[in-house]
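# let me see the structure of the following:
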Amino acid sequence: MTEQHYRGMIAHDWMEKGDAALKAAEILLKENLLVGCVNRLYYAAFYAVSAVLASEGKTYGRHSAVRASVHRDYVKSGRIPPECGKTFDRLFDDRQQGDYTPKTSFTDEELQDLLVRTRAFIECFRSML
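Next up, the predicted model:
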C-alpha cells in the first residue's frame, strides 16, 4: 500500500466520522438538546478538517493547532472562503462554552443557522479530498 493510498483511507474514515457527527447534531437539534448539538457540530467540522489534514500527511495534537491550520493553511491561502474560517471559530468558541460553562444557552434559531453554516464548511473541506 502506498503512502498516498493510506492517507486516503484515513481521510475517508475521518470524513465518515464527521458525517456521523453531523447526523447526530441534527437529531440533537430536533430533540432540543442544544448543547449536545453544538458539540456534535463542532466535531463534524473538526473531523472534516482532520480528513484533509490526513490526506496531506499532517496531524496536530491540539484543537487550537487545528484551528490555526484552518486559518493559516486554508483561509489565508485562499483554499476556503474567509466565511468558513469564521464558522470554525464560532463552532470552536460555542463548543468551549457549551462543554465547559455550567450555564449555557443557545437558541434553536442560532443552531439552525449554525447547522447550515457547518454543512457548507464541511463541503468546502470535502471538495479538497
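
# could you pull out the strands for the chain?
Secondary structure of the chain (DSSP state E): no strands located.

# remind me, longest helix of it?
helix 3-30 (DSSP state H).

# which helices and strands does that one pack with?
With contacts taken as 3 or more Cβ pairs under 8 Å, 6 or more residues apart in numbering; DSSP states H and E, helix 3-30 sits against helix 34-55, helix 108-126. Where C-beta positions appear, they are placed from N, C-alpha and C, glycine not excepted.

# center of this structure, which residue is that?
Ala45 (0.9 Å; Cα atoms, centre = their mean).

# just confirm that residue contacts Thr118, I think it does.
Yes - contact criterion Cβ atoms under 8 Å: Ala45 and Thr118 qualify, at 5.6 Å.

# show me the contacts for the residue nearest to Ala51 when sequence neighbours are not counted.
Nearest residue to Ala51, sequence neighbours excluded (Cβ to Cβ, 6 or more residues apart in numbering): Trp14, at 3.7 Å. With contact taken as Cβ atoms under 8 Å, 6 or more residues apart in numbering, Trp14 is in contact with 47-48, 50-51, 54.

# same question for Val49.
Contacts of Val49 by Cβ under 8 Å, 6+ apart are 66, 69-70, 88, 125.

# just the closest of the residues you listed to Lys23, please.
Nearest to Lys23 among the contacts of Val49 is Phe125, at 16.8 Å by Cβ to Cβ.
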